[in-house]
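Asks: heads up, no residue letters with this:
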Ligand SMILES: *Cc1c(COP(=O)(O)O)cnc(C)c1O
């Protein structure tokens, strides 16, 4: 028996929507299904304005454009993240300043952010790792006090909350990913949340290659033209049709994923007392959204041995981010600060198999294999 790391959930209705969409006349961007997807997110989560994008990476690039990043502007973000978080701002000439994570949660902490602010700082980017919220009250307070933008890279954090507020809606901009490894998927795809109405029009313009085409189609202007910089950030309507099949099943998908998460948590929590491993720490302001389940172990060697042991049993568990501050591209650009919590998380974290249809019996198989590994040491 093998237990893969991920199994993308693709309901049959995806194909029905795709076929319907193909014959409805619009398969370019901003068609019927794109509008349905936008309406879903605005109604369900109360986002002020959303725009579907070709990826979360592109939504982050749009956020950098909307913040009007110029060469030399400083952007504070965690080192423990995906390279897209940094690329989006580096492409615009920003100086990325990597922050360490908290000791117990692999999220950027307010104290570290505050220490790194200089007169050149323009943006704080937070990443809600595995869907667990960052300390948004304190981070927004710091941002407002210093006149900074906050961008939430909420790639993991769909349907997760900070004190009841949806993640992605708290900073000036938020981004989701619909990559096949996330909760809700379209293969590749993403969403930009524009939380301040002041940026709504410009967001639409950047989305449509720097044109005011969206206003034109709403009948607000009688011809459209090139009015700003932008790119083709809008996905084909076929991507939206595929996504829509997932949105129709949103509650079902989320219930299944949260169940997997809590099954792991409940079965692995007793292992903490034995000193084998640690389960995720859930801050009191955060919620669980069933994105991934990770454990941390004491030593990097233990993590690698456990990963190999599980693999020998056909169970695919994976490490996660290699720190960006010491990656080949960034090493000589980093200011040399040690980021010990980042390094420790990177070398001791292990993500366990996680997908919608992972039943409790399979979770038990994974947990039993972990138990066997530690008991035989
Ligand atoms: C997956 C991910 C992204 C990128 O998402 P894409 O849709 O693949 O571009 C960005 N940031 C984080 C934290 C991610 O996990």
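Replies: Looks like it came in fine. In this text, all values refer to a predicted model and were calculated from it rather than measured experimentally.
Asks: excluding sequence neighbours, find me the nearest residue to the residue nearest in space to the middle of the chain.
Replies: Residue closest to the average C-alpha location in the chain (Cα atoms, centre = their mean): residue 155, at 1.4 Å. Spatial nearest neighbour of residue 155, chain neighbours left out: residue 177 (3.9 Å); criterion: Cβ to Cβ, 6 or more residues apart in numbering. Using the backbone N, CA and C atoms, a C-beta is placed for each residue, glycine as well.
Asks: my read: the one you found touches residue 190, true?
Replies: Yes - look at residue 177 against residue 190 with Cβ atoms under 8 Å: they come within range, at 5.2 Å.
Asks: what do these two both touch?
Replies: Jointly contacting residue 177 and residue 190 under the rule Cβ atoms under 8 Å, 6 or more residues apart in numbering are 55-56, 155.
Asks: just the residues you listed: which are in helices?
Replies: residue 56 (DSSP state H).
Asks: which ones, among the shared contacts of residue 177 and residue 190, also lie beside the ligand?
Replies: Within the set of those, contact with the ligand (Cβ under 6 Å from any ligand atom) is found for 55-56, 155.
Asks: what pLDDT does the model give the closest residue to residue 277 other than its chain neighbours?
Replies: If the residues on either side of it in the chain are set aside, residue 277 comes closest to residue 295, at 4.5 Å by Cβ to Cβ, 6+ apart. In this model, residue 295 is scored at 98, pLDDT.
Asks: for residue 295, what is the enclosing helix or strand?
Replies: Element membership of residue 295 [criterion: DSSP states H and E] is strand 294-296.
Asks: between the two ends of stretch 37-53, how far is it?
Replies: Across stretch 37-53, the terminal residues are separated by 11 Å (Cα to Cα, to the nearest Å).
Asks: swap in stretch 129-137?
Replies: End-to-end distance (Cα to Cα), stretch 129-137: 17 Å.
Asks: how about it, does it reach the ligand?
Replies: No - judged by Cβ under 6 Å from any ligand atom, stretch 129-137 makes no contact with the ligand; its nearest approach is 7.4 Å.
Asks: give me the buried positions along that stretch.
Replies: For stretch 129-137, the neighbour count (16 or more other Cβ atoms under 10 Å) marks 129-136 as buried.
Asks: out of those residues, flag the one nearest to the ligand.
Replies: residue 129 (7.4 Å; Cβ to the nearest ligand atom).
Asks: does the closest one touch residue 106 like I think?
Replies: Yes - contact criterion Cβ under 8 Å: residue 129 and residue 106 qualify, at 4.6 Å.
Asks: overlap of the contact sets of these two?
Replies: Counting by Cβ under 8 Å, 6+ apart, the contacts common to residue 129 and residue 106 are 78, 80.
Asks: the ligand contacts on the stretch 51-200 of the chain?
Replies: Checking the stretch 51-200 of the chain against the ligand by Cβ under 6 Å from any ligand atom, the hits are 55-57, 81-82, 84-85, 127, 153, 155-156, 177, 179, 190.
Asks: so what touches the longest helix that the chain contains?
Replies: In the chain, assigned by DSSP H, the helix with the most residues is helix 250-268. Helix 250-268 is contacted from outside by 9, 40, 44, 159, 183-184, 246, 277, 279-280, 288-291, 293, 295, 352, 354-358, 360, 363-364, 366-367, 370, using Cβ under 8 Å, 6+ apart.
Asks: just the buried ones out of those, please.
Replies: 9, 40, 159, 183-184, 246, 277, 279-280, 288-291, 293, 295, 352, 354-356, 358, 363, 366-367, 370.
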